[in-house]
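J.: Fold the following and give me the result.
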Amino acid sequence: MNFRLQHTCSGARAGVIETSHGNFETPIFMPVGTVGSVKAVWPRELRDEIRAGIILGNAYHLYLRPGTDLLEKAGGLHPFIGWDGPILTDSGGYQVFSLASRRELSEDGVAFQSHIDGSYHTFTPENVVDIQRSIGADVMMVLDECPPGDASIEYARESNELTLRWAVRCKVRFAETTELYDHEQALFGIVQGVVYPDIRRESARRLIELDFPGYAIGGLSVGEPAEQMYEMVEVVNDILPSEKPRYLMGVGTPANLIESVMRGVDLFDCVMPTRNGRNGMIFTTEGIINIRNRKWREDLTAVDPGLESYASQGFSRSYLRHLFIAGEILGLQIASVQNLTFYLWLMRQARQAILEDRFDSWSHEMLPIIERRL
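T.: Presented below is the predicted three-dimensional model:
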């Protein structure tokens, strides 16, 4: 993996990431394919309609099913799911947080019960690297603990120290092993520290000493106010090296993305565009629509007149509402493709504004539009 920083504008960055499965431009949003599928979206739609440069999978879920043995027989996740572009995998650290009632932390790693069948498993820094080798992701993540947003400073400090020790072990394991398939892989470190600036700075500095090829900012968007999230992004990005990519994990709304690009973030992922889309929330270039509302019943205008795509232009808001009210699966598909198309369009617009040195004025104009409810 190689990152080339091309231009900056008031802290916002435009770059290119090169991988064995192709290059993609930043800033970028990664559609989430947790179990090897971006829900309700075909891979060809991801390539041609949405124009996704990279997608995300989750090591925890893929380990449980279909399992690493099957993925290895298939030649890795890429051929198994019919996707020939880059893939990033989360190590499962967030599931350690979200499944707190089913897990036990120790120095060695995390023991947990499967949410599927209750079976017992253990993740260690070493086998999480092995699992991601079996998956074959272009970008892998270290094992980390993601504390809750209201964790005490004492807990946050202890948790961060554990995450840093795990990061060392992950890097050692990565160096001891090789790729299973015919492409290179990269391992990113994850900055933690909840909402405590000093802990975030300590985490970032010590991860930089380990010289990862890229860095993620984890443990945000877990209940803390947005302004605290932005503050932590600023604290961390003041320290992280400018020549390496920065990935804000699990974020977020369109406004979150713009605010974070403003603060120097390059990569994002979130289930919001697909999950909210399946529940009738449609993101458009004119604002946010609750497509179930009666006001759209006779609105025969395009779903999103401002986007040049089939999902945006090929159907009316009236028809999309009809599909949701009737419980038709096509409605979920159109909504998911529309929302992802919008997210990727928004990142391309941000990139263009950075390259043309007008990001400040562009973001000032765009934020009120994308936050308003229609």
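
J.: okay, now the domains of this structure?
T.: Residue ranges for the domains of the chain, per automatic domain parsing: 2-270, 277-371.

J.: what about residue 268, which helix or strand?
T.: strand 267-269 (DSSP states H and E).

J.: Next, the buried residues of the helix or strand just after that strand.
T.: Heading C-terminal from strand 267-269, the first helix or strand you meet, by DSSP H and E, is helix 272-278. Residues of helix 272-278 classed as buried: 272, 273, 274, 276, 277, 278 (neighbour count, 16 or more other C-beta atoms under 10 Å). Glycine gets a C-beta too; all of them are placed from N, C-alpha and C.

J.: Give the other helices and strands that helix 272-278 contacts.
T.: strand 281-284, helix 329-355 (3 or more C-beta pairs under 8 Å, 6 or more residues apart in numbering; DSSP states H and E).

J.: So for residue 257, which of the ones you listed sits nearest?
T.: Residue 257 lies closest to helix 329-355 among the helices and strands packed on helix 272-278, at 6.6 Å (C-beta to C-beta).

J.: what distance separates the closest one from the centre of its chain?
T.: Relative to the mean C-alpha coordinate of its chain, helix 329-355 is positioned 14 Å out (C-alpha atoms, centre = their mean, to the nearest Å).

J.: Now it: buried residues?
T.: In terms of neighbour count (16+ other C-beta under 10 Å), helix 329-355 has its buried residues at 331-348, 350-351, 353-354.

J.: same deal with stretch 39-50?
T.: Here stretch 39-50 shows 39, 40, 41, 43, 45, 46, 49, 50 as buried, counting by 16+ other C-beta under 10 Å.

J.: residue contacts, the fourth one?
T.: What that stands for is residue 43. Contacts for residue 43 (C-beta atoms under 8 Å, 6 or more residues apart in numbering) come out as 81, 82, 83.

J.: cool, and the second one?
T.: Going by C-beta under 8 Å, 6+ apart, residue 40 touches 274, 278, 329, 332, 333, 336, 337.

J.: could I get the residues you listed as CSV with distance to residue 70 and pLDDT?
T.: Shown next, in CSV, are the contacts of residue 40 (distance: C-beta to C-beta, whole Å; pLDDT from 0 to 100):
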residue, distance to residue 70, pLDDT
274, 25, 98
278, 27, 97
329, 27, 97
332, 27, 98
333, 27, 98
336, 26, 98
337, 28, 98
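
J.: Now for those: which two are most distant?
T.: Pairwise over those, using C-beta to C-beta, the maximum falls at 274 and 329, 13.7 Å.

J.: so residue 244 is in which element?
T.: Residue 244 belongs to no helix or strand, assigned by DSSP H and E.

J.: Just give the number of residues close to it.
T.: When neighbours are counted by other C-beta atoms under 10 Å, residue 244 registers 19.

J.: Contacts only, for it.
T.: 3, 212, 213, 214, 215.

J.: Name the nearest residue to residue 45, sequence neighbours excluded.
T.: Sequence neighbours aside, residue 337 is the residue nearest to residue 45 in space, at 5.6 Å (criterion: C-beta to C-beta, 6 or more residues apart in numbering).

J.: ok, that neighbour touching residue 38?
T.: No - applying C-beta atoms under 8 Å as the test, residue 337 and residue 38 come out as separate, 9.6 Å apart.

J.: which neighbours do these two share?
T.: What both residue 337 and residue 38 touch, as defined by C-beta under 8 Å, 6+ apart, is an empty set.

J.: that older thread, okay if I get the contacts of residue 40 as TSV plus distance to residue 123?
T.: Listed next are the contacts of residue 40 as TSV, based on distance: C-beta to C-beta, whole Å:
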residue	distance to residue 123
274	26
278	29
329	34
332	32
333	34
336	30
337	33
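
J.: between the residues you listed, which is closest to residue 305?
T.: residue 337 (16.1 Å).

J.: Distance of that closest one relative to residue 24?
T.: Taking C-beta to C-beta, to the nearest Å as the measure, residue 337 falls 19 Å from residue 24.

J.: same thing with residue 71?
T.: Counting by C-beta to C-beta, the gap from residue 71 to residue 24 is 23 Å.

J.: neighbour-wise, which of those two wins?
T.: Set side by side, residue 71 and residue 24 show more neighbours around residue 71, with 23 against 19, by other C-beta under 10 Å.

J.: any idea which helix or strand comes after the helix or strand harbouring that one?
T.: Using DSSP H and E, the element containing residue 71 is helix 68-74. Per DSSP H and E, the first helix or strand lying C-terminal to helix 68-74 is helix 77-81.

J.: Go ahead and name everything in contact with that following helix.
T.: By C-beta under 8 Å, 6+ apart, helix 77-81 touches 21, 33, 36-37, 43, 57, 62, 66, 70-71, 74, 83-84, 87, 135-137, 181.

J.: mind redoing it with 6 Å?
T.: Helix 77-81 is contacted from outside by 36, 71, 74, 135, 136, using C-beta atoms under 6 Å, 6 or more residues apart in numbering.

J.: now do stretch 211-220
T.: Taking C-beta under 6 Å, 6+ apart as the rule, stretch 211-220 contacts 1, 144, 146, 186, 188-192, 229, 236, 240, 244-249.

J.: circling back to that earlier point, between the contacts of residue 43, which has the most around it?
T.: Top of these by neighbour count (other C-beta under 10 Å): residue 83, with 23 neighbours.

J.: and that one, what does it touch?
T.: Contacts of residue 83 by C-beta under 6 Å, 6+ apart are residue 43.

J.: Would you report the backbone torsion angles of it?
T.: phi -120, psi 120 (degrees, to the nearest 10).

J.: One more: residue 48?
T.: phi -90, psi -40.

J.: what does residue 34 give?
T.: Residue torsions, per degrees, to the nearest 10, at residue 34 are phi -50, psi -50.

J.: any idea how far it is from residue 265?
T.: 21 Å.

J.: got any ranges where the stretch 1-150 of the chain has weak pLDDT?
T.: Flagging of the stretch 1-150 of the chain using pLDDT under 70 yields the residue ranges 96-97, 100.
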